[in-house]
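Peer 1: Make a model of this:
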Amino acid sequence: MINRVLIRLKVIQVIYAYYQNGGKNLEAAEKELFYSLSKAYDLYKYLLALMIEVTQFADRRIDNRRHKLRPTYEDLNPNTRFIDNAFIAQLAANKQLEDFCNNQKRSWEDHSEFVKRLFEKIEASEAYQEYMAKESLTYEDDRELWRKLYRSFIATNEELDEILEEQSLYWNDDKTIIDTFVLKTIKRFEPDNGTEQDLLPEYRDDEDKEFARKLFRQTITNAEAYRNLMSGNTKNWDLERLAFMDILIMQVALAEILSFPTIPVSVSLNEYVEIAKVYSTPKSGSFINGMLDTIVNQLKKENKLSKA
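Peer 2: Predicted structure coming up:
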């Protein structure tokens, strides 16, 4: 699940903190990197659990209405399609997710007012109304409902973003990427898999985990060489006058370009230019693209870089 887009971002964040703290403890910083990545995986499972909590809230509300002093006909004979959703039932019984929830101190029950407001928005939506009015439902209908609801009400939810930021500083920049993994998981669920349905693994394979470790270490251990390359190509600019984040992004980019022969240069350039657009100054993307392109061309001329 933890892909290289997220790994690159986490490496930059941890190395930034490493330098801000004096750059003295490489081992501790590396541990922090992998802890940060593990917290991203926790967020993935926590967001899956949110769909279950919304459904359970709807179930409790139906039960409360049935037991009020003077229940109406609708209270006693509610439409239970939403709470009987087969996809959510399978997700709630998933062993991997159940283990996670049982071993977590945080719970969506601690945010009952948010869950209530979220359900009310869902209940008022066209997707919900159409689903509840269908003559018959399939498992695919149940799964597709939650794919739509997640995209509309969870993936883009400022209140949720604030709650997550309060719970963990590690989640500040993770949610947009994690949302794509949750949606992918919804799509992957199949009824025949039952409680054994696989969630996405923390890492796709050992290679991605090693990519994180090597990128982190190469960026720091070869920092002087990478900054010398930058200094030699800044033309009229003093390296010290450049934004520190720009320098750091280029430093990590050069570590990747020079340390991973199977990753095309164009892929690395595109990834770090996009990071710069979001995490540095408005002009950083084009500046970093031009600088790295110049350095790459120089290295190729000097036969120090042979890959495309």
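
Peer 1: Please make it C-alpha for all contacts and neighbour counts, starting now.
Peer 2: Fine.

Peer 1: ok, the closest residue to N289 other than its chain neighbours - contacts?
Peer 2: Distance criterion C-alpha to C-alpha, 6 or more residues apart in numbering; nearest residue to N289, sequence neighbours excluded, is V273 at 6.0 Å. The neighbours of V273, taking C-alpha atoms under 8 Å, 6 or more residues apart in numbering as the test, are S284, G285, S286, I288, N289.

Peer 1: hmm, try it at 10 Å
Peer 2: Residues near V273 by C-alpha atoms under 10 Å, 6 or more residues apart in numbering: D246, I249, M250, A253, S284, G285, S286, F287, I288, N289, G290, L292.

Peer 1: what helix or strand does it sit in?
Peer 2: If you go by DSSP states H and E, V273 is part of helix 265-279.

Peer 1: what's the offset of that helix from the middle of its chain?
Peer 2: In terms of C-alpha atoms, centre = their mean, to the nearest Å, the centre of helix 265-279 is set 17 Å apart from its chain centre.

Peer 1: what does stretch 70-79 give?
Peer 2: 41 Å.

Peer 1: What of stretch 28-43?
Peer 2: Taking the mean of its C-alpha atoms, stretch 28-43 sits 13 Å from the chain's own mean (C-alpha atoms, centre = their mean).

Peer 1: go on, stretch 83-90?
Peer 2: 25 Å.

Peer 1: cool, and stretch 151-169?
Peer 2: For stretch 151-169 - counting by C-alpha atoms, centre = their mean - the centre lies 12 Å from the chain centre.

Peer 1: Which residues outside that stretch are in contact with it?
Peer 2: Residues external to stretch 151-169 that are found in contact with it (C-alpha under 10 Å, 6+ apart): 36, 39, 43, 46-47, 50-51, 106, 111, 114-115, 118-119, 121-122, 125, 127, 146, 148-150, 170-180, 182-183.

Peer 1: Specify the local secondary structure of T234.
Peer 2: coil (DSSP: H, G, I helix; E, B strand; the rest coil).

Peer 1: Report the separation between it and M291.
Peer 2: When distance is defined by C-alpha to C-alpha, to the nearest Å, T234 is 7 Å away from M291.

Peer 1: Then A127?
Peer 2: Using C-alpha to C-alpha, A127 is found at 48 Å from M291.

Peer 1: Repeat that for F119.
Peer 2: 49 Å.

Peer 1: between these two, which one's more packed in?
Peer 2: Set side by side, F119 and M291 show more neighbours around F119, with 19 against 16, by other C-alpha atoms under 10 Å.

Peer 1: And the helix or strand that one falls within, what does it pack against?
Peer 2: Using DSSP H and E, F119 sits within helix 112-123. Secondary-structure packing of helix 112-123 (3 or more C-alpha pairs under 10 Å, 6 or more residues apart in numbering; DSSP states H and E): helix 26-66, helix 126-133, helix 158-167.

Peer 1: which of those helices is buried the deepest?
Peer 2: Among the helices and strands packed on helix 112-123, helix 26-66 has the highest mean neighbour count (mean count of other C-alpha atoms under 10 Å), at a mean of 18.

Peer 1: I am finished for the moment; much appreciated.
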